[in-house]
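1. Mind folding the following:
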Amino acid sequence: MACHNRMWYNFHMKNAEEMFIKGNVEDAFEIFLALANEGNGRAMYFLALYYALGLGDIDFPDDVIAGKLLNKGAEAGDILAKLNTAFAYEPDSYEFVSTIKESFDEVKELADSGDLFAQNEMADLYMNGWGTSKDLEKGIAILKSCSEKGLWLSSYRLAQYYDSLGTPESQKESTKWLHKAAGQGCQKAEAVIKIMELLED
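-> Predicted coordinates for the structure are as follows:
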């Protein structure tokens, strides 16, 4: 019976993750919610993404709910949820540093096994030097690789990174990745592009 349940979880989780990657976040949400109600920690990690980023029918980001979901996901044994509980603390705090340190090797192992979402998380760790030596080029390369595999979340993260640099060249690069994210189904990127076009008129 336990094996049957695990197969059921894996099938539906894979289905929901594929929907999420393709930008069908509304339908994916319902599956993540059902899995989370069954105690699935990884599903709670994804629900936390919805609340942290304001995805789908979640109109406004809510870090409080996202944090609670991450804590619950970590308690259920999900390593990506545990990693992200660190972000409730300041980067130089003991809690942040220790949580990243405790999570790093397992997240890296998951990323090395081909998990696209773990790879996306690893990119941020390298770009910021959290739990490892700072390696901006490696982090960006990982994001680009995830983007090429279809993950709009990585494309959107690249758009944010280049936008933060504030140069004319980086703004062009940011717009390129924003359009790629939109083409991959990222509604947030589509909304930003519409505002940019409105302001250009």
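2. how many neighbours does the residue lying closest to Ile58 once chain neighbours are set aside have?
-> Leaving aside its chain neighbours, Ile58 sits nearest to Tyr50 (5.0 Å; criterion: CB to CB, 6 or more residues apart in numbering). To be clear about C-beta, it is placed using only N, CA and C from the backbone, and glycine gets the same treatment. Neighbourhood size, Tyr50 [other CB atoms under 10 Å]: 24.
3. any idea how far Tyr50 is from Leu153?
-> To Leu153, Tyr50 is 12 Å away according to CB to CB, to the nearest Å.
4. so where's this structure shaky on pLDDT?
-> Confidence mapping of the chain against pLDDT under 70 gives the ranges 1-5, 8, 201.
5. Can you give me the domain assignment for it?
-> Annotated domains of the chain cover 1-88, 151-201 [automatic domain parsing].
6. any chance of those domains in JSON lines, with distance to Gly131 too?
-> Listed next are the domains of the chain as JSON lines, based on distance: least, CB to CB, whole Å:
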{"stretch": "domain 1-88", "distance to Gly131": "9"}
{"stretch": "domain 151-201", "distance to Gly131": "18"}
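7. There's contact between Tyr89 and Gly67 in this structure, I believe.
-> No. Counting by CB atoms under 8 Å, Tyr89 does not reach Gly67; the two are 10.5 Å apart.
8. What helices and strands are in contact with the helix or strand hosting the residue nearest to Ile58?
-> Element membership for Tyr50 (DSSP states H and E) is helix 41-53. With contacts defined as 3 or more CB pairs under 8 Å, 6 or more residues apart in numbering; DSSP states H and E, the packing partners of helix 41-53 are helix 2-21, helix 25-37, helix 63-75, helix 79-85.
9. Now Lys134: phi and psi?
-> With angles defined as degrees, to the nearest 10, Lys134 sits at phi -70, psi 130.
10. That one - nearest residue in space that isn't next to it in sequence?
-> Asn128 is the one closest to Lys134 (CB to CB, 6+ apart), at 6.7 Å.
11. ok, now how distant is that neighbour from Asp57?
-> Distance from Asn128 to Asp57, counting by CB to CB: 30 Å.
12. Equivalent analysis for Leu143, please.
-> In terms of CB to CB, Leu143 sits 27 Å off from Asp57.
13. Compare neighbour counts for the two and give me the winner.
-> Leu143 (26 against 9).
14. Next up, the contacts around Leu116.
-> 21, 146, 149, 151 (CB atoms under 8 Å, 6 or more residues apart in numbering).
15. Filter the residues you listed down to the buried ones, ChimeraX style.
-> Selection of buried members from those for ChimeraX, criterion 16 or more other CB atoms under 10 Å:
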select :21,146,151
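16. from the contacts of Leu116, which single one is nearest Val107?
-> For the contacts of Leu116, the residue nearest Val107 by CB to CB is Cys146; the value is 14.0 Å.
17. list the contacts for the closest one?
-> If you count contacts by CB under 8 Å, 6+ apart, then Cys146 has 116, 119-120, 123, 153-154 around it.
18. which one of those residues is nearest Glu190?
-> Leu153 (14.3 Å).
19. Most neighbours among the contacts of Cys146, which one is it?
-> Busiest of these [other CB under 10 Å] is Ser154, holding 26 neighbours.
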